[in-house]
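Colleague: Provided below for reference: sequence and predicted model.
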There are 2 protein chains.
Amino acid sequence: MSMQDMTKEELLREKEKVQGKYDELKALKLKLNMSRGKPGSDQLDISSGILNNISRDDKMVGEDGMDIRNYGVLEGTSECRRLMADMLETTPDKVVVYGNSSLNVMFDTVARSMTHGVLGSTPWMKLDYNVKFLCPVPGYDRHFAVTEFFGIEMINIPMNDDGPDMDMVEELVNNDKAVKGIWCVPKYSNPTGITYSDEVVKRMAALKPAAGDFRIYWDNAYGIHDLYPGEGDKLLNIMDECEKAGNPDMVYVFGSTSKISLAGSGIAALASSKANIEDIKQKLSFQTIGHDKVNQMRHVKFFGDINGMKEHMKKHAALIRPKFETVLESLEENLGGLGICTWTKPRGGYFISFDTLEGCAKRVVGLCAEAGVVLTGAGATYPYGKDPKDTNIRIAPTFPSVDELKQACEVFVTSVKLASLEKLLND
Amino acid sequence: MSMQDMTKEELLREKEKVQGKYDELKALKLKLNMSRGKPGSDQLDISSGILNNISRDDKMVGEDGMDIRNYGVLEGTSECRRLMADMLETTPDKVVVYGNSSLNVMFDTVARSMTHGVLGSTPWMKLDYNVKFLCPVPGYDRHFAVTEFFGIEMINIPMNDDGPDMDMVEELVNNDKAVKGIWCVPKYSNPTGITYSDEVVKRMAALKPAAGDFRIYWDNAYGIHDLYPGEGDKLLNIMDECEKAGNPDMVYVFGSTSKISLAGSGIAALASSKANIEDIKQKLSFQTIGHDKVNQMRHVKFFGDINGMKEHMKKHAALIRPKFETVLESLEENLGGLGICTWTKPRGGYFISFDTLEGCAKRVVGLCAEAGVVLTGAGATYPYGKDPKDTNIRIAPTFPSVDELKQACEVFVTSVKLASLEKLLND
């Protein structure tokens, strides 16, 4: 029975029951964490072979003729560029391989635009107006944190089931020269789990920006991260579409192996047009003499090629699919039909997006915390940490074990019920 | 006999002889490189054990309680902070461990000052005047490139045998609020090889900068890089001296294991006051989720502690000392007493600094290049690549083998003689 249809007496009775349950759970003094998209240790174990698969017995000279242990090779070894190009669905000449963090690549890309502009444009810090970025919401907190750090104004764009509201995106990008970027997680979006439709990708690629230095920040973090291998979502290739639309320079594609090999010791990469890549490489040459090439070669040796990498992803799927299913079953069983919430059922990626009744998300996260279950802070999925309706909660099921998840979900669904009952009784 | 004392006829005869020698050498079509401070492959070999000394059989959880393969631990693992603190002669709470490149740490430190200021000061890009850096010359080209990249005005400071001209440094730093930094390689300086005297370090620490956000950029790249272990130069601890002088926040100390373990796969670190470190960590949290902790633990396991690291440095010394001696012997034997050049005799580090007659450095580098020996570009040791007297050449003896060095030196000394004779004949 939907809680929305309950009488005040029924709500009060239900609340008493739920409160009792909550107090029981709280007494267990749990210590669980569903806050961040971290792989579980079982996922790290399947990549342990990468820790030590290069030794003194290996050839130390790569295809570039350089000793992989020494300085140099700014853009990454040829072998690793090829692997990352395949992963990002482009060609090696359009790829720069970085260090262990794609967040760092994105930060650098924004930082460089602030201080040096984009392909010769005025540095954003020297403009006499404030730069703006479009932020599909709910979205990834660390994207928003980067733009906030640089004082960039962020504009919320509603996310639909097929991607951002493109009418609004077109209106803003095509008419406001202060709009210099849009943050996108186009496949298994963080946190909603949806994948941009072909139409959305085509409209994105066909934008006619008022700003020549507008770029799409395409964080394809979950490009091959299917929960149901063989039945994964398909994402249109944005670089191809941009080229077809006459906008070859308009997109930066980011990716990493953080959720493929080892989260803290992976390989990140940037793909973009040759013009962008040349410009970035020239500027990067002031910044470093090159990233860790031994680690690049560990990845090449471990995966062999993109097919090896995709096979490896099936092992991840086998480990985390039961976790997603545990959460989704618990939500369905305990909250289905109550009329107090909705949630997404992603087919890949790392998150489930959950929406409470208006004004309840903070309370739910607070109740969970009191009962020992850490969730991503309510509001984190919005710029400035401000969810205007206070409804969205990001659930990250990958790090805890299935047993821990079952307990955490019990706390979560009980907290959702309690917060919802409080609200319905106060309305 | 000094060439300065030769008659025109003697000079002409000598030139003919030297030209003949040069042509012979050129005909050998050599391909040698003394341009960059890169370790030789024999030096990399002594660290090969670090490539694969962490495996799935090791404990994956460090002292911090975090899985070293996963995300997190922004400031570096406790174990690695301790090692790097010992290397930089400070305490772990004053250290942040970074990725594989100290150049990148320095770049980031300047970049952050441009966009966000220093400990709350106005971002340098928002000032209504141009920021200036003092650059002891000759110095490290990549330092100068970073400041040039950000449009920072660079002021040459003459280097003496005991460090930069401190009268000039004091005059500028204490009176000009636009002076926000000074680049220093205080031990076995790049390229002169000298070590700052205690007095210079004390005067540096006692500066009374007009700018509250002035910092000393103390790149202690060769802190434990003695060629004669046990008889190495001693450098006073700048952080201690700054603290004593009431300037605890005035210095950033940079270092890395690039020339200790593997040049491209080492560990870099920044040491500074707690106030600076807290500020930097807070800002760094927008930039990355953490650096490669597995590589940090490889270093901890490989060296054990600072004593292990220092023992390891003796192996490097044994490999590169003969290379330095080869070059110095060739210079002495072929150019000693000719009155056309001077050079330094460093007791550590990676470079020999060589001075030609005025206006001859470019010509020498050009002659060497024509004969197949690549040197660091003349002028590279000065801001903007402009050596006002065109005299300084940086010799990097570590990368070639001893046999290659002998050949390269033959080309070099012949080129120096030829360029000098040309000059003397034209004067």
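Modeller: Perfect, thanks for sending it.
Colleague: what's the burial count for A:Gly339?
Modeller: 16 (other Cβ atoms under 10 Å in any protein chain shown). For glycine as for every other residue, the C-beta is placed from the backbone atoms N, C-alpha and C.
Colleague: my guess is A:Lys417 is in a helix, correct?
Modeller: Yes. Assessed with DSSP: H, G, I helix; E, B strand; the rest coil, A:Lys417 lies in a helix.
Colleague: what does the stretch 251-400 of chain A put close to chain B?
Modeller: A:258, A:262-265, A:283, A:286-295 (Cβ under 8 Å from any Cβ of the partner chain).
Colleague: do that again at 10 Å, thanks
Modeller: A:258-259, A:261-266, A:268, A:283-298, A:399 (Cβ under 10 Å from any Cβ of the partner chain).
Colleague: quick one: which of the residues you listed sit in helices?
Modeller: A:Lys283, A:Leu284, A:Lys293, A:Val294, A:Asn295, A:Gln296, A:Met297, A:Arg298 (DSSP state H).
Colleague: how about the helices in the stretch 201-350 of chain A?
Modeller: A:238-244, A:274-284, A:293-303, A:306-335 (DSSP state H, counting those that start in this stretch).
Colleague: any idea which of those helices is most buried?
Modeller: helix A:293-303 (a mean of 24; mean count of other Cβ atoms under 10 Å in any protein chain shown).
Colleague: of all of the stretch 301-427 of chain A, which residue lies closest to chain B?
Modeller: Chain B sits closest to A:Phe399 of the stretch 301-427 of chain A, with a gap of 8.6 Å, by Cβ to the nearest Cβ.
Colleague: and that residue, how many neighbours?
Modeller: Around A:Phe399 there are 23 residues (other Cβ under 10 Å).
Colleague: isn't it right up against A:Leu319?
Modeller: No. Using Cβ atoms under 10 Å, A:Phe399 is not in contact with A:Leu319, being 11.5 Å away.
Colleague: got any residues that touch both of the two?
Modeller: By the contact definition Cβ atoms under 10 Å, 6 or more residues apart in numbering or on different chains, A:Phe399 and A:Leu319 are jointly contacted by A:Pro39, A:Gly40, A:Gln43.
Colleague: farthest pair in the ones in helices among the residues of the stretch 251-400 of chain A next to chain B?
Modeller: The two members of these with the most space between them (Cβ to Cβ) are A:Lys283 and A:Arg298, at 27.3 Å.
Colleague: the shared contacts of A:Phe399 and A:Leu319 also near chain B: which ones?
Modeller: Among the shared contacts of A:Phe399 and A:Leu319, chain B is touched by A:Pro39, A:Gly40, A:Gln43 when using Cβ under 10 Å from any Cβ.
Colleague: for the residues you listed, pick the one with the most neighbours.
Modeller: Counting by other Cβ under 10 Å, top hit in these: A:Pro39 with 26 neighbours.
Colleague: let me know the closest of the shared contacts of A:Phe399 and A:Leu319 to chain B.
Modeller: Using Cβ to the nearest Cβ, these come closest to chain B at A:Pro39, 6.7 Å.
Colleague: doesn't the closest one belong to a helix?
Modeller: No. Checked against three-state DSSP, A:Pro39 lies outside a helix; its state is coil.
Colleague: how about the nearest residue to it, chain neighbours excluded?
Modeller: Spatial nearest neighbour of A:Pro39, chain neighbours left out: A:Ala263 (5.4 Å); criterion: Cβ to Cβ, 6 or more residues apart in numbering or on different chains.
Colleague: correct me if wrong: the one you found contacts B:Asn70.
Modeller: Yes. A:Ala263 is within contact range of B:Asn70, at 4.7 Å (criterion: Cβ under 10 Å).
Colleague: which residues do the two both contact?
Modeller: With contacts defined as Cβ under 10 Å, 6+ apart, the residues adjacent to both A:Ala263 and B:Asn70 are A:Arg36, A:Lys38, A:Pro39, A:Gln43, A:Leu44, B:Ile289, B:Gly290, B:Lys293.
Colleague: from those residues, which one has the minimum pLDDT?
Modeller: Within those, pLDDT reaches its minimum at A:Arg36, with 87.
Colleague: tell me the contacts of that residue?
Modeller: With Cβ under 10 Å, 6+ apart, A:Arg36 has these contacts: A:141, A:263, A:350-351, A:374-376, A:394, A:396, A:398-399, B:70-72, B:289.
Colleague: take these and keep only those in strands.
Modeller: Per DSSP state E, strands hold the following members of the contacts of A:Arg36: A:Val374, A:Leu375, A:Arg394.
Colleague: hmm, which of these are the buried ones?
Modeller: Among those, those scoring as buried are A:Val374, A:Leu375, A:Arg394 (criterion: 16 or more other Cβ atoms under 10 Å in any protein chain shown).
Colleague: report pLDDT for the second one.
Modeller: According to the per-residue confidence, A:Leu375 scores 96 in pLDDT.
Colleague: picking up where we left off before, for the ones next to chain B among the shared contacts of A:Phe399 and A:Leu319, give me TSV that also has distance to B:Asn307.
Modeller: Below are these laid out as TSV (distance: Cβ to Cβ, whole Å):
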residue	distance to B:Asn307
A:Pro39	36
A:Gly40	38
A:Gln43	37
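Colleague: nearest to B:Tyr217, of those residues?
Modeller: Among these, and counting by Cβ to Cβ, the member closest to B:Tyr217 is A:Pro39, at 37.7 Å.
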